[in-house]
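K.L.:
Below are the sequence and a predicted model for it; my questions follow.
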Amino acid sequence: MTAPMPIILTHPLVQDRLSQMRQPNTPPAVFRALLRQISMALALEATRDLPLASRDITTPLQGMAAPVLARPEPVLVSILRAGNGMLDGLQQFLPDAPVGFVGLYRDEATLRPVQYYCKLPDGLGARRVLVLDPMLATGNTAVAAVDLIKAAGAHDIWLLALLAAPEGADCLHRAHRDVTILTAALDERLNDKGYILPGLGDAGDRIFGTG
């Protein structure tokens with residue numbers, strides 16, 4: 001059975017910002033600002049289908065039955081370190097969302113993830129969990145993060161990425177077919193070092209100016 005395709009956010013403004021981020025001369029401050037804008041757009045798309053309930057409120061003119069979220073806000077889970085670059089954009093729309101962190105780094109020899117930290121909020125089963133990682137490359141890190149998040153009780157999980165490689169999307173779907181992938185672009189492929197092509201380089205280095 002063919003794995004579900006990622007949802008690609010093709011909005012013209014998102015694609016324009018992404019093209020600016022791909023250019024190597026974009027300074028870290030501008031790169032972070034562009035990532036924040038795209039993350040805000042991803043936040044809107046990832047919450048488009050959240051159920052609504054009704055609550056009685058009073059406007060300055062009269063009472064009304066107003067739409068409100070039917071369940072608590074989603075949880076945000078940042079895959080360290082690059083996922084932190086997406087947090088600010090998500091928190092613009094979800095300021096009260098609990099935030100968890102999963103620390104994983106990629107062994108450059110094996111391309112396998114190595115865990116060094118995990119702190120997740122309680123009550124994941126009652127909320128949508130939005131996992132943040134700018135680059136879905138091999139998919140190994142995403143699979144390991146989702147393993148931890150599911151073990152903590154989550155079952156409604158979205159992976160939000162700036163870029164995805166077909167290999168990474170396939171890897172995540174093979175391991176977790178119930179996870180929705182939302183990305184600004186599905187690029188061509190990985191190179192022999194596990195980097196996305198055409199890509200934009202190492203997102204963490206470009207966010208934090210360490211490249």
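P.N.:
Thanks, I have it. Treat the numbers as computed from the prediction; the structure is a model and nothing was measured.

K.L.:
Kindly state the pLDDT recorded for Ala43?
P.N.:
Per-residue confidence for Ala43 comes out at a pLDDT of 97.

K.L.:
for Gln115, same thing?
P.N.:
The model reports Gln115 with a pLDDT of 90.

K.L.:
Let me see the backbone angles for it.
P.N.:
Dihedral pair for Gln115: phi -90, psi 140, per degrees, to the nearest 10.

K.L.:
Longest helix of this structure, counting residues only.
P.N.:
helix 28-46 (DSSP state H).

K.L.:
so the most centrally placed residue in the chain is in which element?
P.N.:
The centroid of the chain falls nearest to Leu160 when counting by Cα atoms, centre = their mean (2.3 Å). Leu160 is part of strand 157-161 when elements are defined by DSSP states H and E.

K.L.:
Give me the distance from the very next helix or strand once past that strand to the chain's centre.
P.N.:
Remark: after strand 157-161, the chain's next helix or strand is strand 163-164, criterion DSSP H and E. Remark: strand 163-164 is offset 10 Å from the chain centroid, using Cα atoms, centre = their mean, to the nearest Å.

K.L.:
and the residue nearest to the residue nearest to the centre of the chain when sequence neighbours are not counted, what does it touch?
P.N.:
Nearest residue to Leu160, sequence neighbours excluded (Cβ to Cβ, 6 or more residues apart in numbering): Leu42, at 4.8 Å. Glycine gets a C-beta too; all of them are placed from N, C-alpha and C. Counting by Cβ atoms under 8 Å, 6 or more residues apart in numbering, Leu42 touches 9, 86, 89-90, 160, 182, 184.

K.L.:
If we use 7 Å, what do you get?
P.N.:
Leu42 sits next to 9, 160, 182 when contact means Cβ atoms under 7 Å, 6 or more residues apart in numbering.

K.L.:
on that earlier part again, what is the mean pLDDT for the strand holding Leu160?
P.N.:
pLDDT averaged over strand 157-161 gives 98.

K.L.:
so where's this protein uncertain?
P.N.:
1-4, 211 (pLDDT under 70).

K.L.:
Which parts of this structure are strands?
P.N.:
Under the criterion DSSP state E, the chain contains strands at 7-8, 52-58, 63-69, 75-80, 99-106, 113-119, 129-132, 135-136, 157-161, 163-164, 180-183, 189-190, 196-197.

K.L.:
what packs against the fifth one?
P.N.:
Judged by 3 or more Cβ pairs under 7 Å, 6 or more residues apart in numbering; DSSP states H and E, the packing partners of strand 99-106 are strand 75-80, strand 113-119, helix 140-151.

K.L.:
any idea of the angle the longest helix of the chain forms with strand 75-80?
P.N.:
Here the directions of helix 28-46 and strand 75-80 differ by 140 degrees (axes from the mean of the first three to the mean of the last three Cα atoms, to 10 degrees).
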